[in-house]
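S.K.: Coordinates for the following, if possible.
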Amino acid sequence: MTKKSKEENVISAETKKLKRELTLLPLFGLIYFTVCGGAFGAEPMVGWSGPGLALLLFVLTPLFFSIPNMLMVREMQSMMPVEGGYYHWLKVAFGPFVGYMGGWMNWVVSWVDVSIYPVLAAYYLGYFIPALREGATIGGVFVDSTWLSFLVAVTLIWLVSALNVRGARFSGLLTNWLGVIMLLPLIALTIIGFMAWMKGGTTVQLPFLPGGAEVNFSNTIGALSTGIFVAMWNFMGWELPAAAGDEIVNPKKTYPLAMVLVLVAAIATYALPTLAGLYGGAGEDGRYQMWGIEEYESGEGIGPVLDEYGVPHEQAQSWGVDTSSSVGWEFPDIAHAVSDKLTGQTNGTLALVMGGLVTFSAVLSMIGLFIGNGLGGTRVPFAMAADGMMPKFMVKVHPKYGTPWVAILFCGLIYSIFSLSAFAALVVIDVFLNMLVLMAEFFAMWKLRFTMPHLERPPPPPPAPPPPPPPARGGGGGGRGAGPRGGGGRPAWAPPPPPPRPGARPRPRRRPAGGGGGGGGVGLCPPLHARLAWIFSLVWPLFVTIGSCQVILIGGKHASIYRLYVDDGMASH
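M.R.: Next comes the predicted model:
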């Protein structure tokens with residue numbers, strides 16, 4: 001046996017240790033925290049794009065961004081439900097180089113993206129532990145808040161890494177519990193907001209664009225260019241958990257169903273608290289302009305941002321806002337404002353309690369986002385190592401838990417290093433890289449339909465029932481509509497048609513009026529989901545390219561929505 005054959009046998013033996021244990025519920029939790037992770041992140045859409053456009057984007061983004069991605073992932077996952085997911089899709093379609101570049105780019109993206117969440121969790125924990133924002137003296141030595149936050153972030157990273165080694169199902173079930181606890185304060189915020197709305201007796205008139213700007217082409221495109229960036233970020237990541245394809249039970253059915261459930265949950269999670277906040281007291285009198293805004297330059301505060309919107313310093317003070325702070329309102333502040341609106345008090349007990357609860361919800365959201373996004377980031381290097389594109393030591397599967405434990409721990413080390421400092425500019429670039437990989441996945445789907453039409457794809461929906469036969473003429477027994485019918489529109493009892501004459505050309509069969517194109521491929525008249533995927537696979541790459549270029553153009557001004565370290569706390573806290 002050659003050395004190469006021995007290595008292949010070792011790799012094959014390791015990959016066979018992977019355990020299929022991700023059922024629908026834990027997979028739902030992992031995808032939810034990869035794509036959404038709570039309402040946090042919707043605030044900048046309101047502040048930068050305006051209330052009306054933000055609410056419209058909650059509808060349009062899933063329709064024109066998420067659903068096309070889901071259709072693509074559904075088809076590709078049905079063809080290749082393997083460990084590595086999109087890496088294998090690109091490799092099969094375009095060869096090892098493109099597969100390697102796709103896997104490598106998304107893995108590098110995860111270094112920056114995934115390491116953000118533990119740091120943000122430490123930032124939100126600073127609301128309960130002031131030392132994480134102010135520093136503390138330990139043993140007579142003053143320890144800066146940056147290092148304390150780093151220690152908290154690293155602790156979270158290694159705890160979650162240990163959970164991932166324990167098993168994907170265990171991590172998925174943990175995200176289910178995190179999601180339930182995280183959503184409770186957001187549900188309370190939604191209820192309080194709608195109660196305050198009904199108590200007020202009037203509906204606040206909110207503008208479509210920020211500052212009540214005139215709705216014209218130029219203003220709308222300007223607001224949309226920022227809002228679509230945030231909206232795409234809030235609804236992306238459907239393909240990432242597919243990297244654990246060999247750990248999903250019945251992936252061809254479980255994964256698509258989990259995506260549909262996550263889409264419904266994500267829309268509700270973003271839209272309901274936002275609606276309650278806007279109409280429950282945090283959007284009236286121009287307060288919506290505080291949502292999600294951040295200072296342009298470090299140290300100048302949000303005053304210049306409010307000046308652009310025509311909000312004078314005195315009006316901001318009447319809202320209880322310090323214009324020297326670096327951030328505007330986030331959902332903890334929104335919960336504070338909505339609670340005060342309901343009780344008619346200023347900094348009342350309910351407001352303080354809700355602010356704390358929603359802040360705790362944000363901590364759980366960041367932990368869940370780290371678990372969900374970390375799943376895909378740790379499986380890709382394992383799959384690439386199995387193909388000889390990464391060091392062989394990453395092809396190690398835990399003998400008891402059936403997880404790629406070496407790749408998980410190696411990624412944990414990288415996340416710890418990247419959590420040392422802020423990488424806001426790199427986060428903007430990582431969106432661009434992720435979009436390039438996503439665009440390549442659509443091209444891969446498009447190519448594989450031509451080059452490998454025999455690969456198993458999602459079954460089309462059942463065809464529409466045939467129209468009822470016309471009534472029989474004269475009630476005779478041998479009429480056109482009499483008797484039960486077999487295939488091809490002939491009565492079941494009718495004799496078979498005569499065989500064709502030798503040398504005669506066969507008559508082409510008519511295409512059914514409402515039928516699909518067959519069970520496995522696209523067919524002559526493909527079902528609706530296949531036609532939609534075809535259309536979006538042609539149009540979507542152009543839209544992705546334009547949107548990604550816009551990300552780079554606006555990144556210098558608005559990338560701060562992914563701040564890692566800020567000098568002061570949340571505005572009203």
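S.K.: What residues of the helix or strand encompassing Leu173 count as buried?
M.R.: Element membership for Leu173, per DSSP states H and E: helix 168-200. Using 16 or more other C-beta atoms under 10 Å as the test for burial, helix 168-200 gives 168-169, 171-176, 178-179, 182-183, 185-186, 188-190, 192-194, 196-197. All C-beta atoms are positioned from the backbone trio N, CA, C, and that covers glycine.
S.K.: Packing partners of that helix?
M.R.: Contact partners of helix 168-200 among helices and strands, from 3 or more C-beta pairs under 8 Å, 6 or more residues apart in numbering; DSSP states H and E: helix 24-35, helix 145-166, helix 251-277, helix 331-343, helix 349-386.
S.K.: quick one: average confidence on the strand or helix carrying Leu60?
M.R.: Assigned by DSSP H and E, Leu60 belongs to helix 51-61. Computed over helix 51-61, the mean pLDDT rounds to 91.
S.K.: In terms of secondary structure, what does it contact?
M.R.: helix 43-49, helix 217-234, helix 251-277.
S.K.: how many neighbours does Gly211 have?
M.R.: For Gly211, the count of nearby residues is 16 (other C-beta atoms under 10 Å).
S.K.: Just list the residues touching it, thanks.
M.R.: With contacts taken as C-beta atoms under 8 Å, 6 or more residues apart in numbering, Gly211 has the following neighbours: Gly50, Gly286, Gln289, Glu308, Tyr309, Gly310.
S.K.: again, 7 Å this time
M.R.: Contacts for Gly211 (C-beta atoms under 7 Å, 6 or more residues apart in numbering) come out as Gln289, Tyr309, Gly310.
S.K.: ok, the last one - how many residues close by?
M.R.: In other words, Gly310. Residues contacting Gly310 under the criterion other C-beta under 10 Å number 13.
S.K.: for the second one, same thing?
M.R.: Tyr309 sits with 16 neighbouring residues when counted by other C-beta under 10 Å.
S.K.: for the first one, same thing?
M.R.: Other residues near Gln289 number 30, with proximity taken as other C-beta under 10 Å.
S.K.: pretty sure it is touching Gly47, no?
M.R.: Yes. Using C-beta atoms under 7 Å, Gln289 is in contact with Gly47, at 6.3 Å.
S.K.: list the contacts for the closest residue to Val406 other than its chain neighbours?
M.R.: Distances taken as C-beta to C-beta, 6 or more residues apart in numbering put Lys396 closest to Val406, at 4.1 Å, once the chain neighbours are dropped. For Lys396, the contact set (C-beta under 7 Å, 6+ apart) comprises Glu14, Pro404, Trp405, Val406.
S.K.: where does Lys396 land in three-state SS?
M.R.: Following DSSP: H, G, I helix; E, B strand; the rest coil, Lys396 is assigned to coil.
S.K.: low pLDDT regions in this protein?
M.R.: Applying pLDDT under 70 to the chain flags the ranges 1-10, 201-202, 421-431, 457-573.
S.K.: switch to 50 and redo it
M.R.: 473-495, 507-525, 545-546, 548-573 (pLDDT under 50).
S.K.: number of nearby residues for Val327?
M.R.: 23.
S.K.: just checking, it touches Glu294?
M.R.: Yes. At 5.2 Å, Val327 and Glu294 qualify as touching, with contact defined as C-beta under 7 Å.
S.K.: Between these two, which contacts overlap?
M.R.: Listed as contacting both Val327 and Glu294 by C-beta under 7 Å, 6+ apart are Ile302.
S.K.: and the contacts of Gly211 as TSV, adding distance to Leu206 and secondary structure?
M.R.: Below are the contacts of Gly211 laid out as TSV (distance: C-beta to C-beta, whole Å; DSSP: H, G, I helix; E, B strand; the rest coil):
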residue	distance to Leu206	secondary structure
Gln289	11	helix
Tyr309	14	coil
Gly310	16	coil
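S.K.: of those residues, closest to Gly376?
M.R.: Taking C-beta to C-beta as the measure, Gly376 sits nearest to Gln289 out of those, at 36.2 Å.
S.K.: hang on, the earlier thing: okay, the contacts of Lys396 in TSV with neighbour count and secondary structure next?
M.R.: Output for the contacts of Lys396, formatted as TSV (neighbours: other C-beta atoms under 10 Å; DSSP: H, G, I helix; E, B strand; the rest coil):
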residue	neighbour count	secondary structure
Glu14	20	helix
Pro404	32	coil
Trp405	22	helix
Val406	22	helix
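S.K.: Turn these into TSV, columns for distance to Gly301.
M.R.: As requested, these are exported to TSV (distance: C-beta to C-beta, whole Å):
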residue	distance to Gly301
Glu14	54
Pro404	46
Trp405	47
Val406	47
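S.K.: rewinding a little: kindly compare burial across the helices and strands packed on helix 51-61 and name the winner.
M.R.: Most buried of the helices and strands packed on helix 51-61, by mean neighbour count (mean count of other C-beta atoms under 10 Å): helix 43-49, with a mean of 28.
S.K.: What is that one packed up against?
M.R.: helix 51-61, helix 217-234 (3 or more C-beta pairs under 7 Å, 6 or more residues apart in numbering; DSSP states H and E).
S.K.: Just the residues contacting it, thanks.
M.R.: Contact partners of helix 43-49, identified using C-beta under 7 Å, 6+ apart, comprise 54, 57, 210, 223-224, 226-227, 230-231, 274, 288-293, 328-331, 558, 561.
S.K.: show me what contacts Phe418?
M.R.: Phe418 neighbours (C-beta under 7 Å, 6+ apart): Trp111, Val112, Ser115.
S.K.: quick one: the first one and Met366, what's the gap?
M.R.: In this view, Trp111 and Met366 are 17 Å apart by C-beta to C-beta, to the nearest Å.
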